[in-house]
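Engineer: coords please:
(chains A and B)
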Protein chains: 2
Amino acid sequence: MSSDPFSSLRCRVALLGFGTVGSAVARRLAAPSAPNTLQLTHIFDRRAVEKRAKQRLEQSAVAGRNIMWTDRIDDVLQSDADVVVEAVGGVDPAADWIRAALAAGKSVVTANKQVIARDGAPLLSFAARQGRQLRFEAAVGGAMPIVRAIGDGLAGDRITRIVAILNGTTNTVLSQMEETGCTLEDAVHAAQARGYAEADPATDLDGDDARAKLAILCALAFGLRVDPAQIRARSCATVTPADVARARRRGAVIRQLAHAEYDAGSSSLVAWVAPIEVPCGSIFGRTRGAHNAALITGEHSGDTGIFGIGAGGDATAVAILSDLAAIARDKAAIVPPPVLSADFKLAEAV
Amino acid sequence: MSSDPFSSLRCRVALLGFGTVGSAVARRLAAPSAPNTLQLTHIFDRRAVEKRAKQRLEQSAVAGRNIMWTDRIDDVLQSDADVVVEAVGGVDPAADWIRAALAAGKSVVTANKQVIARDGAPLLSFAARQGRQLRFEAAVGGAMPIVRAIGDGLAGDRITRIVAILNGTTNTVLSQMEETGCTLEDAVHAAQARGYAEADPATDLDGDDARAKLAILCALAFGLRVDPAQIRARSCATVTPADVARARRRGAVIRQLAHAEYDAGSSSLVAWVAPIEVPCGSIFGRTRGAHNAALITGEHSGDTGIFGIGAGGDATAVAILSDLAAIARDKAAIVPPPVLSADFKLAEAV
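Structural biologist: Numbers count the residues shown, from 1 in each chain, chains lettered A, B, ... in the order given. As a prediction, the model looks like this:
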């Protein structure tokens, strides 16, 4: 009795990369509580055999499902998957794989800030020409839905400024320094021990990660294509316990802020990432550990704020599942694209 | 050379109601900075003649445009408008007009919390059957994009709790009481003088407004159809200066909180709106004047927060323009729907 001929369609999902984020996505999709419109069908990983064996050993739900594991990307590109989740990270070969997936008629969900910062505009155009979706809520802010807040929710305003904490690792390190008075090195080691920092935290502390994310927000908010390298950055790696103590005496804490301000009249953009003293009681001062926060200023809406968990597999998986849900709602992204050159015959009248 | 045959299409917008919100929307759409994909073509108002004359007298851009003003709803329903913005308010006849607009093949954007709280589910189903959109970001939270945050951005999580300040008028009154020590009556008069409160503030203070908004958020977050009347409410109208002073001695302030918590396991919902003491430094204690704020708790994403200007014509117009932008992006909502019974002839091959 359904009036919708597509209502029983499932969205078949292929996953690229079974690391922290990819495995969290797989667990969510394989769980009994997963939306029944989303079906995990393929997992690609360079070490697919080994990782699959480990899942089996752990009797994980991911191993128990009817999922094809592969270490050949073509198995995914040539598959019947409707959507590809890219959780490989890095620019190469992730960007090529995203393009290839779109070319193969698949929609793509990615957590890859580097690829979107560098190639977001042409990839989005290509996706539109293909009649497919490219979504990237997970590329900025973890579970904090800032991509939708800026790209959709405040699309009806002219945004003039964004100030944000966008790197959970640096924020964890700076929070630890202010709580314990320890050195940056000790705070980094503590964060590494708890899995909140990479072996080499330079990308986080120096601001490269935040620059890529800020470049994406500049594209969404101001319609500007900004090369992350154009964004000035001052590293947090030189912050000392004395800096933290001095800030405290002024009722402040130090945060890695990402700042972008655009004046449409003069077409001038000011954008930087740097360690900045902020009042303890401000939204940024109150953002601790792996949390992210942003203040978005609009000509008509004033200041709109958003905050949430900015890092980690589970939080990032929430953003990816939200993007998958949006694609599953859009039947045009699931139904095979029209093949204009193939033979056809007219269907019988119903 | 455009590869997109619809790229030059404009989205024609008809506006129902030229009050505070409607006139703010009209000003934005008639401004030189308005997106050129959105064209205001019709304004319906019961007092169209009078209001149009006033716009002309003021040499408003709204009067100068090629816009049809009318006091007959059928002029809009039978027009070539693609989208109807409903800014009339109240349940009757707004709900009928929204349904009629969808039936006429138009998408609808509304700021009407009462209609969405009561009839949102069947109206959304009807819109989907029509292949049209029904959007209502402006119904909750003014410019604060909470409808998208819950309905889209956190759709990938299982939301368990929402706590929020949803009524800007009550928050303005309570903020004024804590700033000046005045009575509720005086604070209401001050808010009325500044245009922040209606002549009869009962709907705001008693919690009816917040209950309707909370019912909408329960539908988005938990998939539950909740009658606003089922939500328990304790009025803020009885808050005294002594209550405010007592809270202050405890480092707290009084806020009208809307609270909803759903346990999917036992299918039990706890939902209420009431004046509550909150710590001064908390997100709710720091929410003053016409601002709104919300904390959304998810099983995997923890607490996500959002805040912004929750009331007023300009802020509400931002949400409406954001919804219009989303519809204008969706070509299927602009291109006339397929007429399945009409004669046709095959187009010539290109």
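
Engineer: quick check: residue A:130 vs residue A:106, distance?
Structural biologist: As judged by Cβ to Cβ, to the nearest Å, residue A:130 and residue A:106 stand 9 Å apart. (Each C-beta comes from the backbone N, C-alpha and C, glycine too.)

Engineer: identify the residues contacting residue A:107.
Structural biologist: A:82-84, A:127, A:132-135, A:327, A:333 (Cβ atoms under 8 Å, 6 or more residues apart in numbering or on different chains).

Engineer: one step back: higher neighbour count, residue A:130 and residue A:106?
Structural biologist: Using other Cβ atoms under 10 Å in any protein chain shown, the more surrounded residue of residue A:130 and residue A:106 is residue A:106, with 27 against 19.

Engineer: so the residue nearest to the more buried one when sequence neighbours are not counted: helix, strand or coil?
Structural biologist: Nearest residue to residue A:106, sequence neighbours excluded (Cβ to Cβ, 6 or more residues apart in numbering or on different chains): residue A:84, at 5.0 Å. Secondary structure state of residue A:84, per DSSP: H, G, I helix; E, B strand; the rest coil, is strand.

Engineer: before we move on, what about residue A:100?
Structural biologist: Secondary structure, three-state DSSP: residue A:100 is helix.

Engineer: what segments of the stretch 51-200 of chain A are strands?
Structural biologist: A:68-70, A:83-86, A:107-110, A:134-135, A:159-165 (DSSP state E, counting those that start in this stretch).

Engineer: mean pLDDT and distance to residue B:300 added to the ones you listed, as TSV?
Structural biologist: TSV is the format used below for these (pLDDT from 0 to 100; distance: least, Cβ to Cβ, whole Å):
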stretch	mean pLDDT	distance to residue B:300
strand A:68-70	96	24
strand A:83-86	98	16
strand A:107-110	97	16
strand A:134-135	96	18
strand A:159-165	98	21
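
Engineer: re earlier: which residues does the residue nearest to residue A:106 bridge with?
Structural biologist: Beta-bridge partners recorded for residue A:84 (DSSP bridges): residue A:14, residue A:108.

Engineer: surely it is in contact with residue A:99?
Structural biologist: No - if you go by Cβ atoms under 8 Å, residue A:84 and residue A:99 don't touch, sitting 11.0 Å apart.

Engineer: comparing those two, which residue is more hemmed in?
Structural biologist: Each of residue A:84 and residue A:99 has its neighbours counted (other Cβ under 10 Å); residue A:84 has more, 27 against 19.

Engineer: residues from the stretch 51-200 of chain A in reach of chain B?
Structural biologist: A:128-129, A:137, A:142-145, A:147-149, A:152-158 (Cβ under 8 Å from any Cβ of the partner chain).

Engineer: neighbours around residue A:192, how many?
Structural biologist: 16.

Engineer: any idea how far it is from residue A:176?
Structural biologist: Taking Cβ to Cβ, one finds residue A:192 at 11 Å from residue A:176.

Engineer: next: residue A:114.
Structural biologist: 26 Å.

Engineer: any buried residues in the least confident helix or strand in chain A by mean pLDDT, and which?
Structural biologist: Lowest by mean pLDDT, DSSP states H and E among the helices and strands of chain A is helix A:61-64, with a mean of 84. Residues of helix A:61-64 classed as buried by neighbour count (16 or more other Cβ atoms under 10 Å in any protein chain shown): A:62-63.

Engineer: again with stretch A:76-91
Structural biologist: Applying 16+ other Cβ under 10 Å to stretch A:76-91 flags A:76-77, A:79, A:81-89 as buried.

Engineer: do stretch A:273-292 as well
Structural biologist: Those buried within stretch A:273-292 under the rule 16+ other Cβ under 10 Å are A:273-278, A:283-292.

Engineer: can you narrow these to ones near chain B?
Structural biologist: residue A:286.

Engineer: which of the buried residues of stretch A:273-292 fall within strands?
Structural biologist: A:273-278, A:291-292 (DSSP state E).

Engineer: chain center to the least confident helix or strand of chain A: distance?
Structural biologist: 25 Å (Cα atoms, centre = their mean, to the nearest Å).

Engineer: what is it packed up against?
Structural biologist: helix A:20-30, helix A:48-57 (3 or more Cβ pairs under 8 Å, 6 or more residues apart in numbering or on different chains; DSSP states H and E).

Engineer: contacting residues around the residue in the stretch 251-350 of chain A that chain B sits nearest to?
Structural biologist: Among all residues of the stretch 251-350 of chain A, residue A:321 sits closest to chain B, at 2.7 Å; criterion: Cβ to the nearest Cβ. Applying Cβ under 8 Å, 6+ apart to residue A:321 gives the contacts A:25, A:28-29, A:35, A:38, B:155-157.

Engineer: residue A:116 is in contact with residue A:217, isn't it?
Structural biologist: No - contact criterion Cβ under 8 Å: residue A:116 and residue A:217 do not qualify, at 10.6 Å.

Engineer: now the stretch 251-350 of chain A, which segments are flagged as low pLDDT?
Structural biologist: A:331-350 (pLDDT under 70).

Engineer: which residues touch the residue nearest to residue A:106?
Structural biologist: Neighbour list for residue A:84: A:13-16, A:76, A:97-98, A:101, A:106-109 [criterion: Cβ under 8 Å, 6+ apart].

Engineer: cool, and residue A:291?
Structural biologist: With Cβ under 8 Å, 6+ apart, residue A:291 has these contacts: A:165, A:168, A:171, A:307-310.

Engineer: now, of these, which are buried?
Structural biologist: Of those, these count as buried by 16+ other Cβ under 10 Å: A:165, A:168, A:171, A:307-310.

Engineer: filter those down to the ones in helices?
Structural biologist: Counting by DSSP state H, the buried ones among the contacts of residue A:291 place A:168, A:171 in helices.

Engineer: break chain A down into its domains, please.
Structural biologist: Listed by automatic domain parsing, the domain ranges of chain A are A:11-142+A:313-333, A:146-309.

Engineer: quick one: name the residues of the stretch 201-350 of chain A near chain B.
Structural biologist: A:281, A:286, A:298, A:300-309, A:314-315, A:317-326, A:332.

Engineer: what about the helices in chain A?
Structural biologist: A:20-30, A:48-57, A:61-64, A:73-77, A:94-103, A:113-130, A:146-148, A:168-180, A:184-193, A:202-205, A:208-222, A:241-249, A:313-329.

Engineer: mean pLDDT lowest where, among those helices?
Structural biologist: Among the helices of chain A, helix A:61-64 carries the lowest mean pLDDT, a mean of 84.

Engineer: return it as CSV; C-alpha atoms alone will do.
Structural biologist: C-alpha atoms of helix A:61-64 as CSV (Å, rounded to 0.1, in the frame of the first residue of the first chain):
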residue,chain,number,x,y,z
ALA,A,61,29.3,-7.6,15.0
VAL,A,62,31.3,-6.2,12.1
ALA,A,63,32.8,-9.6,11.4
GLY,A,64,29.5,-11.4,11.7
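
Engineer: which residues sit against that helix?
Structural biologist: Residues beyond helix A:61-64 that count as contacts (Cβ under 8 Å, 6+ apart) turn out to be A:23, A:26-27, A:30-32, A:40, A:43, A:52, A:55-56.

Engineer: what two of those residues are the furthest from one another?
Structural biologist: A:32 and A:52 (20.7 Å; Cβ to Cβ).

Engineer: higher neighbour count, the two?
Structural biologist: residue A:52 (19 against 5).

Engineer: where's the more buried one relative to chain B, distance?
Structural biologist: Going from residue A:52 to chain B by Cβ to the nearest Cβ, to the nearest Å gives 24 Å.

Engineer: what is the burial count for residue A:238?
Structural biologist: 10.

Engineer: same deal with residue A:134?
Structural biologist: Residue A:134 has 24 nearby residues by other Cβ under 10 Å.

Engineer: residues contacting it?
Structural biologist: A:98, A:102, A:107-110, A:123-124, A:127.
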